[in-house]
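S.K.: Provide a 3D model corresponding to the input given below.
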Amino acid sequence: MVNLKSTSAPSPVMAVARIAVGLTFLMFAQYKLLRTDFAREGYARYVTGYVQESSVSFYKPFLRETLLRPKLWAYAVGVVELLIGISMVVGFAVRPFSLVGALFMLNLTLATWRLPAGTPAWRYLGNELDHIPLLLLFLIFFAHGAGEVWGLDGKKPVV
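M.R.: Now for the predicted structure:
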């Protein structure tokens, strides 16, 4: 069995990184949830581009399935980003939402991995510099209990 208890205490630097990631997710969530552009046409446009140009082949059927109800999926993406953002900013339920964040970034990685034929191999990983570092940060937040410093996860319940 894996011991999920951190062997080293989270630091204020990790808390700053966690909060910065959370604020970024809140910024993207508010765009998706407070304006109708993304739900009306943005989601379908992005996902159609991923299916046609950049997603890995085994992931295309899932993406095509989401295009059957693009408004629903657009708002779902916004809500997931909002929940991740709130969790990271206030430091509450950071471990579970770090896993959600890592899966979210894995989703984006799978949707944008492939480049046009003839593209140099090094560009594949370079193209993912928006997604892989955040995925790794979420795994670090999970492994080290990043919500315990400057967050509600560090507060002991009063009995």
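S.K.: now the helices for the protein?
M.R.: 12-34, 37, 43-49, 60-66, 70-90, 94-112, 122-126, 132-144 (DSSP state H).
S.K.: and the contacts of the second one?
M.R.: Residues from elsewhere that reach helix 37 (Cβ atoms under 8 Å, 6 or more residues apart in numbering): none. C-beta coordinates here come from the backbone N, C-alpha and C atoms, glycine included.
S.K.: let me see the mean pLDDT of it.
M.R.: Mean pLDDT, computed over helix 37, is 96.
S.K.: and what of the fourth one?
M.R.: With pLDDT averaged residue by residue, helix 60-66 scores 98.
S.K.: would you mark the buried spots in it?
M.R.: 63, 66 (16 or more other Cβ atoms under 10 Å).
S.K.: and if you look at the third one?
M.R.: Neighbour-count burial for helix 43-49, counted by 16+ other Cβ under 10 Å, picks out 43, 44, 46, 47.
S.K.: okay, and for the chain, where does confidence drop off?
M.R.: Across the chain, the ranges flagged by pLDDT under 70 are 1-9, 156-159.
S.K.: so what's residue 85 up against?
M.R.: Going by Cβ under 8 Å, 6+ apart, residue 85 touches 22, 23, 24, 25, 26, 27, 28, 29.
S.K.: re earlier: take the helices of the chain and lay them out in TSV including distance to residue 151.
M.R.: Shown next, in TSV, are those (distance: least, Cβ to Cβ, whole Å):
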stretch	distance to residue 151
helix 12-34	7
helix 37	33
helix 43-49	31
helix 60-66	32
helix 70-90	6
helix 94-112	6
helix 122-126	32
helix 132-144	10
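S.K.: among those, which is nearest residue 153?
M.R.: Minimum separation from residue 153 across the helices of the chain (Cβ to Cβ) falls at helix 94-112, 5.4 Å.
S.K.: how about that closest one as PDB, C-alpha atoms only?
M.R.: Extracted in PDB, the C-alpha atoms of helix 94-112 (Å, rounded to 0.1, in the frame of the first residue of the first chain):
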ATOM      1  CA  VAL A  94      -6.200  20.000  -2.400                       C
ATOM      2  CA  ARG A  95      -5.300  16.300  -2.800                       C
ATOM      3  CA  PRO A  96      -8.500  15.200  -4.500                       C
ATOM      4  CA  PHE A  97      -8.700  18.400  -6.700                       C
ATOM      5  CA  SER A  98      -5.000  18.000  -7.500                       C
ATOM      6  CA  LEU A  99      -5.900  14.600  -9.000                       C
ATOM      7  CA  VAL A 100      -8.800  16.200 -10.900                       C
ATOM      8  CA  GLY A 101      -6.300  18.900 -12.100                       C
ATOM      9  CA  ALA A 102      -3.800  16.300 -13.300                       C
ATOM     10  CA  LEU A 103      -6.500  14.500 -15.200                       C
ATOM     11  CA  PHE A 104      -7.700  17.700 -16.700                       C
ATOM     12  CA  MET A 105      -4.200  18.500 -17.900                       C
ATOM     13  CA  LEU A 106      -3.800  14.900 -19.200                       C
ATOM     14  CA  ASN A 107      -7.000  15.500 -21.200                       C
ATOM     15  CA  LEU A 108      -5.500  18.600 -22.800                       C
ATOM     16  CA  THR A 109      -2.200  16.800 -23.500                       C
ATOM     17  CA  LEU A 110      -4.000  14.000 -25.300                       C
ATOM     18  CA  ALA A 111      -6.100  16.500 -27.200                       C
ATOM     19  CA  THR A 112      -3.100  18.500 -28.500                       C
END
